[in-house]
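A.B. asks: Coordinates only, no sequence provided:
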């Protein structure tokens with residue numbers, strides 16, 4: 001991220017726990033068919049490393065490097081790595097815009113839930129291209145808020161969701177970048193682009209409701225926080241989040 005960009009969810013205990021519940025199997029399954037035991041993989045925007053460790057477990061003869069701009073997330077990931085004695089994984093604080101690696105040194109670059117938070121995704125994709133070996137794979141996933149299904153949708157909830165999207169845009173992000181991933185990687189020079197979409201259903205609703213409420217409080221919008229908390233107590237409610245994934249190849 002640049003100095004003008006901000007991570008909209010923030011780093012509250014609730015937000016970090018929300019991100020940390022994601023695993024390679026639950027949220028990165030689209031990447032699994034491309035993983036080999038001897039691969040060197042870069043995970044951009046790794047957060048606390050919950051998905052990075054899943055990649056490392058599948059690349060026992062290779063290495064995995066996780067990068068994140070926030071030092072607190074790197075500290076958490078390093079602590080977990082030390083506790084579980086993961087020998088083939090390391091974590092570094094770095095920007096996706098300026099990856100601290102030589103050209104053509106990774107077999108794959110993976111990034112989950114990062115590209116909606118950055119203002120220049122094409123430049124980021126070009127950096128991914130630079131550090132990939134010829135024939136290497138980029139695998140990206142991000143939500144697209146234009147495809148969400150949320151019920152019951154009240155005027156207050158619509159306003160709270162719109163406020164989040166506006167806050168994300170003010171922080172340099174794009175809540176609807178998911179549908180553009182194919183275009184982005186093509187502009188970066190990738191070929192053989194494959195796009196896919198799926199839904200994640202939050203059960204119970206408090207999983208998503210509370211993290212959205214905490215974000216609203218952090219943004220100085222307590223009325224929206226109360227809206228999310230009131231909504232998450234609704235019987236028969238639904239929050240189905242659209243995830244778009246994109247896999248492409250650097251020409252050999």
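C.D. replies: It's in. From a predicted model like this one, the values you see are computed outputs, not experimental measurements.

A.B. asks: For the chain, just list every one of the strands.
C.D. replies: Per DSSP state E, the chain has strands spanning 40-44, 63-68, 89-93, 106-112, 132-143, 149-151, 191-201, 238-249. These are given in chain order.

A.B. asks: what residues does the helix ranked longest in the chain touch?
C.D. replies: Ranked by residue count, the top helix of the chain under DSSP state H comes out as helix 155-170. With contacts defined as CB atoms under 8 Å, 6 or more residues apart in numbering, helix 155-170 is touched by 8, 116-117, 145, 148, 150, 174-175, 212, 215-216, 219, 221, 224, 227-228, 231. Bear in mind the C-beta positions are built from the backbone N, C-alpha and C, glycine included.

A.B. asks: one more time with 6 Å
C.D. replies: Helix 155-170 is contacted from outside by 8, 145, 175, 219, 221, 224, 227-228, 231, using CB atoms under 6 Å, 6 or more residues apart in numbering.

A.B. asks: Looking at those residues, which is nearest residue 74?
C.D. replies: Comparing the contacts of helix 155-170 against residue 74 with CB to CB places residue 8 closest, at 19.3 Å.

A.B. asks: Can you get me a residue count around the closest one?
C.D. replies: Number of residues near residue 8 (other CB atoms under 10 Å) recorded here: 21.

A.B. asks: In contact with it, which residues are there?
C.D. replies: The contact partners of residue 8, by CB under 6 Å, 6+ apart, come to 167-168, 171.

A.B. asks: Look at residue 125 and say how many residues are nearby.
C.D. replies: Taking other CB under 10 Å as the criterion, the count of residues near residue 125 is 26.

A.B. asks: just the one 3 residues further on next, same as before
C.D. replies: Residues lying near residue 128 (other CB under 10 Å) number 28.

A.B. asks: if I read this right, it contacts residue 139, doesn't it?
C.D. replies: No - with contact defined as CB atoms under 6 Å, residue 128 does not reach residue 139; the gap is 9.7 Å.
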